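Student: here is my input; please provide its structure:
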Amino acid sequence: MEEIIIDKIEWFAPEYKHEEKSIDFLWAIGLVALVVCGLAIWFQNYLFAVFIIISGASLILFSIRHPQEIQYAIETSGISLGKDKYPWKEIKGFHIKKEEDYAVLLIELNKYLLPVYTIPLPIDQIPIIKESLLKIIPNIELEESRSMKFMEKLGF
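Tutor: The predicted structure is shown next:
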């Protein structure tokens, strides 16, 4: 099999779309966590109560954390997502989803837990990226996972 050589394409983007949360949102998370924790204690399920407190605190901390700037790259050897590298043999296909003010690259990997990765794309580089990817992997119809869409609707 002949190796296809493509030009390296690099861009930087935040790891996720950050929306500032109101103080009411954070209070709501804390209140729900305390109520569920109280119910767990009432039912004498102390391990679950500890789990709920840790989960609530983690959710609040993750909600106020700002995303890191990640370097994405498409090159002859594969795709790089920050420190993670995926060779072409691990990638089944891709799909570019373009909205009015943003675009995302969806790639399907040979993984069971998170098979579809969502990568933010600069709108001006869509034609170059699509042309390069079509040389190596097929363009297949992909959708973002329902859990990702649900969490975005909730504000995460």
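Student: center of this protein, which residue is that?
Tutor: The centre of the chain sits closest to residue 118, judged by Cα atoms, centre = their mean, with a distance of 5.2 Å.
Student: touching the least confident helix or strand in the chain by mean pLDDT from outside, list them.
Tutor: The helix or strand of the chain with the poorest confidence is helix 146-154; it has a mean of 76 (mean pLDDT, DSSP states H and E). With contacts defined as Cβ atoms under 8 Å, 6 or more residues apart in numbering, helix 146-154 is touched by 17, 118. For the C-beta atoms, the positions are set from N, CA and C on the backbone; glycine is no exception.
Student: before we move on, what about stretch 21-35?
Tutor: 52, 53, 55, 56, 57, 59, 60, 63, 64, 155.
Student: if we go to 6 Å?
Tutor: 52, 56, 59, 60, 63 (Cβ atoms under 6 Å, 6 or more residues apart in numbering).
Student: least confident of these?
Tutor: Among the contacts of stretch 21-35, residue 63 carries the weakest pLDDT, at 87.
Student: what about it, how many neighbours?
Tutor: Residue 63 has 16 neighbours, counted by other Cβ atoms under 10 Å.
Student: can you tell me which residues contact it?
Tutor: residue 21.
Student: would you say it is within a helix?
Tutor: Yes: applying DSSP: H, G, I helix; E, B strand; the rest coil, one finds residue 63 inside a helix.
Student: next one: it from residue 87, what distance?
Tutor: 35 Å (Cβ to Cβ, to the nearest Å).
Student: how about residue 153?
Tutor: Plainly put, residue 153 is 34 Å away from residue 87 if you go by Cβ to Cβ.
Student: got it, and residue 70?
Tutor: 19 Å.
Student: okay, these two: which has more neighbours?
Tutor: Counted by other Cβ under 10 Å, residue 70 and residue 87 do not tie: residue 70 has more neighbours, with 18 against 9.
Student: excluding sequence neighbours, find me the nearest residue to the more buried one.
Tutor: Excluding the flanking residues, the one nearest residue 70 by Cβ to Cβ, 6 or more residues apart in numbering is residue 82, at 4.4 Å.
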